[in-house]
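*Asks:* here is my input; please provide its structure:
(2 chains)
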Amino acid sequence: MANKYSLHAVYFCTGCGIIEVPPVITARWDAERFGVIPVATPRQANLFLITGYVSVKTLRAIIKTYEQMYEPKYTVGFGSCPINGGMYWDSYNTIKHLDKYIPIDGWIAGCMPRPEAIFVAVTHLWTLIDKGMANGYKKYRDSYKSYRRNQEMALGKLEWPPLYPLDGGPKGSKQ
Amino acid sequence: MVIKVMQIILFPVLALIVGVFFLGLARKIMARIQWRYGPPLVQPIIDIIRLFYQNSVSHGRMFDLGIVLSLAGSIVAVLFLPFGRICPLSGSGGLLVILYIMLIAPLGLALSGGQAANPNISIGISRKLILSLGYEVPLLLVLLSIMTHYKTISIIEVVNIQQSTSWSIISFPLFVSGLSYFLILPAILGIRPFDISSAPQEISSGPMVEYGGKYLALTTIEHAYVLFISIALFVNLFLGGAVNPAIFFVKMLVVFVLSVCINAIFPRFRIEQAVKYLWKWPTLLAFLGLIITMAIRS
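*Replies:* Alright, predicted model coming up:
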């Protein structure tokens, strides 16, 4: 209940979609009406908005940021690039399907989506939270092994330790 | 005796309600000034509930205890402030105790942040301590003038004398000190133009950077208490306190809305600009007020 009306979005510019965020949080379309405000650090946030294409280098930062957020946490992919590569579908340096690397609770399609689309996404996320379907963070915990394997395939050796035990031990959360 | 204990238990709750209401009101007024609709008034309460439900990770024993220390310091400071006629402990100690206890809250946050060892926290804490060095000088001078003028250190006495004569802020030698206190009030509250220590765009909200979940909820509550203490002190010392809590609340509201307007229209200072400002005009005014008060009273 309180989770859904207080979505604090992590203030992280992943791609060109971030250009739609300043109008969303300022006077024209006021996101604070919905309780959505940008915060400065992943520790305080529970909504991660991936705005735009994801290069291999950005993926590293995205995974780190996602793992630093506290549960329950929700992820929304903004724009068509995180969905299937978008206009960078044949690029050697971008990630085509972001949901292979971190779980995504919802997508906003379009290139670029209008700022209103963020509000549609937020209200839709409310329904998902109510129905218990926005459970990406649980999925991440349960199938961390395969997510970690995909991450290592894209980035090579990861320099940070696994967030959850990889050997199928007790599914305890470190957070 | 029973009434006293009830007051000691219930008064921090009342202060918390007022402080959280101010947090919500600040966001709403800021939004209206910026031509936005703004969040509902209860948004801080929703946020605090959400944060208590969220998971969090501790960075060590001091990380937990520092927050508790700062929260405890704020709650004790609240007990020493008269709110209308409700004054649980303000018969003893008075201004000097308030001065000491007000320092515990930032100190607790500094201890807690030190354990997390994030560079942003170190920068934020050092900025916060430099800023308090900046505003403590005029604040001490202002309180000295009050104590000299009324020849007492008890806040209740100060309020009572003001009730029988007139408010300090419109009486002759003290309005200079009152002006000085109002000039440093944004720095005490930590709002713009003095939100240097918690600048989200520069140092990722400074001392708050590692707090999430219940830690952030507790720091939000602590912030609400700090709002209450600084404004209640101003109202007690310069706006004549009040005979009942309702009038006191209205006076606090007026001071707070003025501060929020200042918050909404000024950009942020750099730290050396802030100290330069604090040690120039407010200190000069406070010093002038002290000299005039002493000359008249001796």
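*Asks:* in chain A, which spans are helices?
*Replies:* A:2-5, A:21-25, A:56-68, A:81-84, A:115-131, A:136-142, A:144-155 (DSSP state H).
*Asks:* near chain B at all, the worst-scoring helix or strand of chain A on mean pLDDT?
*Replies:* Taking mean pLDDT, DSSP states H and E as the measure, helix A:2-5 is the helix or strand of chain A with the lowest mean score, a mean of 80. Yes. Remark: helix A:2-5 sits within contact range of chain B at A:2-3, A:5, by Cβ under 8 Å from any Cβ of the partner chain. The C-beta positions use only the backbone N, C-alpha and C, and glycine is treated the same way.
*Asks:* beta partners for the residue positioned nearest the centre of chain A?
*Replies:* Nearest to the geometric centre of chain A sits A:Thr75, at 3.3 Å (Cα atoms, centre = their mean). Beta-bridge partners recorded for A:Thr75 (DSSP bridges): A:Phe48.
*Asks:* I figured it hits A:Tyr101, correct?
*Replies:* No. A:Thr75 is not in contact with A:Tyr101 according to Cβ atoms under 8 Å; the separation is 10.8 Å.
*Asks:* and for those two, which residues touch both?
*Replies:* Counting by Cβ atoms under 8 Å, 6 or more residues apart in numbering or on different chains, A:Thr75 and A:Tyr101 have no shared contacts at all.
*Asks:* all strands of chain B, in order?
*Replies:* Remark: strands of chain B are absent; assignment by DSSP state E.
*Asks:* enumerate the residues of the stretch 51-200 of chain B near chain A.
*Replies:* Near chain A, when you scan the stretch 51-200 of chain B using Cβ under 8 Å from any Cβ, you find B:53-57, B:200.
*Asks:* apply 10 Å and report the result again.
*Replies:* Applying Cβ under 10 Å from any Cβ of the partner chain, we find that the stretch 51-200 of chain B lies next to chain A at B:51-57, B:116, B:118, B:120, B:198-200.
*Asks:* pick out the most distant pair among those.
*Replies:* Largest separation among these by Cβ to Cβ: B:Tyr53 and B:Ala199, giving 28.1 Å.
*Asks:* quick one, which of the two is more surrounded?
*Replies:* Per other Cβ atoms under 10 Å in any protein chain shown, whichever of B:Tyr53 and B:Ala199 has more neighbours is B:Ala199, with 20 against 15.
*Asks:* give me the number of residues near residue 50?
*Replies:* I went with chain A, as the question did not name one. By other Cβ under 10 Å, the residues close to A:Ile50 number 27.
*Asks:* meant chain B, my bad for not saying
*Replies:* Neighbours of B:Arg50 (other Cβ under 10 Å): 23.
*Asks:* got it, and A:Thr123?
*Replies:* 11.
*Asks:* and B:Gly113, by the same measure?
*Replies:* Using other Cβ under 10 Å, B:Gly113 is surrounded by 27 other residues.
*Asks:* what's the nearest residue to it if we skip its chain neighbours?
*Replies:* B:Ile121 (3.9 Å; Cβ to Cβ, 6 or more residues apart in numbering or on different chains).
*Asks:* which residues are in contact with that neighbour?
*Replies:* By Cβ atoms under 10 Å, 6 or more residues apart in numbering or on different chains, the residues touching B:Ile121 are B:109-110, B:112-115, B:203-211.
*Asks:* so which of those are in helices?
*Replies:* If you go by DSSP H, the contacts of B:Ile121 have B:109-110, B:112-115, B:203 in helices.
*Asks:* so which pair among those is furthest apart in space?
*Replies:* Maximum distance among the ones in helices among the contacts of B:Ile121 (Cβ to Cβ): 17.8 Å, for B:Gln115 and B:Ile203.
*Asks:* please say which of these two ends up with more neighbours.
*Replies:* Taking other Cβ under 10 Å, B:Gln115 and B:Ile203 do not tie; B:Ile203 has more neighbours (22 against 18).
*Asks:* okay, now the unreliable bits of the chain?
*Replies:* Since you didn't name a chain, this refers to chain A. Scanning chain A for pLDDT under 70 picks out A:1, A:168-175.
*Asks:* oops, I was thinking of chain B
*Replies:* Looking at chain B by pLDDT under 70, you get B:90-92.
*Asks:* got the contact list for the spatially most central residue of it?
*Replies:* Geometric centre of chain B, nearest residue: B:Ser230, 3.0 Å, by Cα atoms, centre = their mean. By Cβ under 10 Å, 6+ apart, B:Ser230 lies in contact with B:77, B:102, B:139, B:181, B:184-190, B:255-256, B:259.
*Asks:* chain A: which of those residues is nearest?
*Replies:* Distances from chain A to those, taken as Cβ to the nearest Cβ, are shortest for B:Gly190 (15.5 Å).
*Asks:* could you give the number of residues near the closest one?
*Replies:* Residues near B:Gly190, counting by other Cβ under 10 Å, number 20.
*Asks:* that one and B:Val18, how far apart?
*Replies:* When distance is defined by Cβ to Cβ, to the nearest Å, B:Gly190 is 18 Å away from B:Val18.
*Asks:* ditto for B:Pro106
*Replies:* Applying Cβ to Cβ, the value for B:Pro106 to B:Val18 is 21 Å.
*Asks:* the residue nearest to the centre of chain A contacts A:Phe48, correct?
*Replies:* Yes. Judged on Cβ atoms under 10 Å, A:Thr75 makes contact with A:Phe48 at a distance of 4.6 Å.
*Asks:* can you check which residues contact both of these two?
*Replies:* In contact with both A:Thr75 and A:Phe48: A:10, A:62, A:66, A:69, A:102, A:104-105, A:136, using Cβ under 10 Å, 6+ apart.
*Asks:* adding neighbour count and distance to chain B, write those residues out as JSON lines.
*Replies:* Shown next, in JSON lines, are the shared contacts of A:Thr75 and A:Phe48 (neighbours: other Cβ atoms under 10 Å in any protein chain shown; distance: Cβ to the nearest Cβ, whole Å):
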{"residue": "A:Val10", "neighbour count": "23", "distance to chain B": "11"}
{"residue": "A:Ile62", "neighbour count": "21", "distance to chain B": "17"}
{"residue": "A:Tyr66", "neighbour count": "22", "distance to chain B": "14"}
{"residue": "A:Met69", "neighbour count": "25", "distance to chain B": "8"}
{"residue": "A:Ile102", "neighbour count": "25", "distance to chain B": "17"}
{"residue": "A:Ile104", "neighbour count": "20", "distance to chain B": "20"}
{"residue": "A:Asp105", "neighbour count": "23", "distance to chain B": "16"}
{"residue": "A:Gly136", "neighbour count": "22", "distance to chain B": "15"}
